[in-house]
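*Asks:* Make a model of this:
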Amino acid sequence: MADEIQFVIEFTATLVDYADFNPDQDAEALREAMKGLGTEEKVIIAIVANRTRRQRLKIEETYKQKYGRDLKENLKSELSGDFEDVVLAMFYPPAEGDARFLHKAMCGVGTDEEALVEILATRYNNQIKDIKEAYKAKYEKELEKAIKGDTSGDFKRLLVILLQANRDETFAVDRDLAKAEAKLLIDAGVKYWGTDEAKFIEIFCNRSFPQIRATCYEYEKLAGHTMLKAVDKEFSGDMKKALTAIIQISDYAPIYFANRLHKAMCGVGTDDSTLIRIVTTRCEVDMGEIKKEFEKTYGKSLFSWIKDDTSGDYKRMLLCLIRDD
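*Replies:* The predicted structure is shown next:
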């Protein structure tokens, strides 16, 4: 038995098309801001943080046509630190931007496993396919090969399945399947000697998010405890974090991103890579809802938190992207 559930939500972007957009004027202003000694960072922020991706692409094209220069290269030579990173992130096409984020998560000492999950579990199938192509073009290496070389065990298998971009993206929920798979997960977890990880991976990586949500609902009715509690008990390390993330995304993605932003800023130091990645990739999608969930959960606005946790032009750029309500 399949039925449609209300899962489509009207999301609110904090960055929308600039009404009086003039790519020639913007290109000229950016060139003037970077000419001579010093750089006018406020001009760069005023333009870059107030133009959508479509408009920024047009500015970049116009800049090259007018001056024979690469805008990203000019910005890179003029800026530095986190401010440079957030400005440049605004100019990469989505697939290339995600490919760069994934590469950064795997290069150097250690691996940012949560960043890998965040990207691969929240992108649509066509986006994942584009990311794989962009990664190969940029780094001359298959993304799957890179991930296999940087992860291991069940977590590696989970990521490889996500990379296949085979998740059901329909909104139809099969209630009978939800009940059957809820029982299957009970048998694979609390009733199993150890845990049948493969069953969890197969279901959580291939079913649609509405279907996963329905399965979690049926699971709780049968088991008497939530799926999150079951994952917390049955798994550990990266696998627990990955499955927990997928469950949270299936429930309501803005809550997941709000939690990720809070984690990036709480405690000692700031995870600027996560902060930049989420703000730049979600400001044109659902940042309005992320902000609401952040304040609801943590009792303080995301705007105020970023204001207190960052500084300088980097802070001004981020605050402009998320807007103060």
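*Asks:* Next secondary structure after the helix or strand bottoming out on mean pLDDT in the chain?
*Replies:* Every helix and strand of the chain was ranked by mean pLDDT, DSSP states H and E. The lowest is strand 2-4, at a mean of 46. Next in sequence after strand 2-4, counting helices and strands by DSSP states H and E, comes helix 23-34.
*Asks:* Double-check that Val173 belongs to a strand.
*Replies:* Yes - the assignment for Val173 by DSSP: H, G, I helix; E, B strand; the rest coil puts it in a strand.
*Asks:* There's contact between it and Ala214 in this structure, I believe.
*Replies:* Yes - between Val173 and Ala214 a contact is recorded at 4.7 Å, counting by CB atoms under 8 Å. C-beta: built from backbone N, CA, C; applies to glycine.
*Asks:* Contact partners for the closest residue to Gly97 other than its chain neighbours?
*Replies:* Closest residue in space to Gly97, ignoring its immediate chain neighbours: Ala89 at 6.0 Å, by CB to CB, 6 or more residues apart in numbering. Applying CB atoms under 8 Å, 6 or more residues apart in numbering, we find Ala89 in contact with 97, 276-277, 280.
*Asks:* what about 7 Å?
*Replies:* 97, 276, 280 (CB atoms under 7 Å, 6 or more residues apart in numbering).
*Asks:* What distance do you get for it to Ile276?
*Replies:* 6 Å (CB to CB, to the nearest Å).
*Asks:* what do you get for Ser208?
*Replies:* Distance from Ser208 to Ile276, by CB to CB: 30 Å.
*Asks:* Tell me which of those two has more neighbours.
*Replies:* Shown here are Ser208 and Ile276; by other CB atoms under 10 Å, Ile276 has more neighbours (24 against 18).
*Asks:* Could you list every helix and strand in contact with the helix or strand where that one lies?
*Replies:* Per DSSP H and E, Ile276 falls inside helix 272-282. Under the contact criterion of 3 or more CB pairs under 7 Å, 6 or more residues apart in numbering; DSSP states H and E, helix 272-282 touches helix 81-89, helix 237-265, helix 312-322.
*Asks:* which parts of the next helix or strand after the shortest one are buried?
*Replies:* Along the chain past helix 81-89, the next helix or strand (assigned with DSSP H and E) turns out to be helix 94-106. Of the residues in helix 94-106, 95-102, 105-106 count as buried by neighbour count, 16 or more other CB atoms under 10 Å.
*Asks:* Just the closest of those residues to Ser236, please.
*Replies:* Of all the buried residues of helix 94-106, Ser236 sits closest to Ala105, with 20.6 Å by CB to CB.
*Asks:* wait, the closest one sits on Leu116?
*Replies:* Yes - using CB atoms under 7 Å, Ala105 makes contact with Leu116 at a distance of 5.5 Å.
*Asks:* averaged over its residues, what pLDDT does the strand or helix carrying Asp187 have?
*Replies:* For Asp187, the host element (DSSP H and E) is helix 175-188. The pLDDT scores in helix 175-188 average 93.
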